[in-house]
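Visitor: here's a sequence, model it:
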Amino acid sequence: MGTDRRALEEGASTVTKNRLEFITHSPEETIELGARLAQRLPHPCLVVLEGDLGSGKTTLVKGIVSGMGVARQEEVTSPSFTLVHEYGTDRKVYHADLYRIEGAREVATLGLEDLLEQEATVIVEWGEKLIELDFGVQVRIRMELLEGEDRRVTIEGLGS
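Guide: Predicted coordinates:
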């Protein structure tokens, strides 16, 4: 097991070969988890984020994007209305939000396939629709609301 995976696993409540589970207790901890995850993500890659409204998906993305060194945390915002945000120059990261997208036809109009062909990291909130369309999801992250600011973050697809 590599040191990058060991560093990510630190603090995990559940660890299996292909699944890590964490409990974060604040937005700051969720951002820190995202920054640690950024060091483990393959590039290029497709990351799908799932979870209820307010579960912390965009907060986790702030950590991932800043952890990759392509933007500062405060520059990362939800693309709910613009649908896709682009970060970085040399290393591209696209952050999409499919919350307002109804079906496969609308997903196709976003051009996500083109983004995936650009050797970029593509992070998609409300990405369950991509799983249905067999987009070749590599990393799947489920965010769950617990009590207060606590969140359960389940990460699948990082391998061993």
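
Visitor: surely His43 meets Ile123?
Guide: No. Judged on CB atoms under 8 Å, His43 makes no contact with Ile123 at a distance of 11.7 Å. For the C-beta atoms, the positions are set from N, CA and C on the backbone; glycine is no exception.

Visitor: more neighbours: which of the two?
Guide: Ile123 (30 against 12; other CB atoms under 10 Å).

Visitor: can you tell me the element the more buried one falls in?
Guide: strand 121-125 (DSSP states H and E).

Visitor: what pairs with that strand, and is each one parallel or antiparallel?
Guide: Paired neighbours of strand 121-125 in the sheet (DSSP bridges): strand 45-51 (parallel), strand 93-97 (parallel).

Visitor: among these, single out whichever gets nearest to Ala38.
Guide: Closest to Ala38 of those is strand 93-97 (CB to CB; 9.3 Å).

Visitor: what sits up against the closest one?
Guide: Contact partners of strand 93-97, identified using CB atoms under 8 Å, 6 or more residues apart in numbering, comprise 61, 64-65, 68, 70-71, 76, 78-80, 83-87, 110, 112, 115, 120-127.

Visitor: in helices only, show me these.
Guide: Judged by DSSP state H, the contacts of strand 93-97 include 61, 64-65, 112, 115 as members of helices.

Visitor: can you list the strands paired with strand 121-125 in TSV and add distance to Glu106 and mean pLDDT?
Guide: Shown next, in TSV, are those (distance: least, CB to CB, whole Å; pLDDT from 0 to 100):
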stretch	distance to Glu106	mean pLDDT
strand 45-51	17	92
strand 93-97	12	92
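
Visitor: quick one: closest of the ones you listed to Met143.
Guide: Nearest of the strands paired with strand 121-125 (CB to CB): strand 45-51, 3.2 Å.

Visitor: so what's the gap between that closest one and the chain middle?
Guide: With CA atoms, centre = their mean, to the nearest Å as the basis, strand 45-51 stands 5 Å off its chain's centre.

Visitor: contacting residues around it?
Guide: Outside strand 45-51, the residues that reach it (CB under 8 Å, 6+ apart) are 41, 57, 60-61, 64, 116, 121-128, 130-131, 135-145.

Visitor: try it again at 6 Å.
Guide: 57, 121-125, 127-128, 130, 137-143 (CB atoms under 6 Å, 6 or more residues apart in numbering).

Visitor: what ranges does this protein have for its strands?
Guide: Under the criterion DSSP state E, the chain contains strands at 14-15, 19-24, 45-51, 84-87, 93-97, 121-125, 139-145, 151-156.
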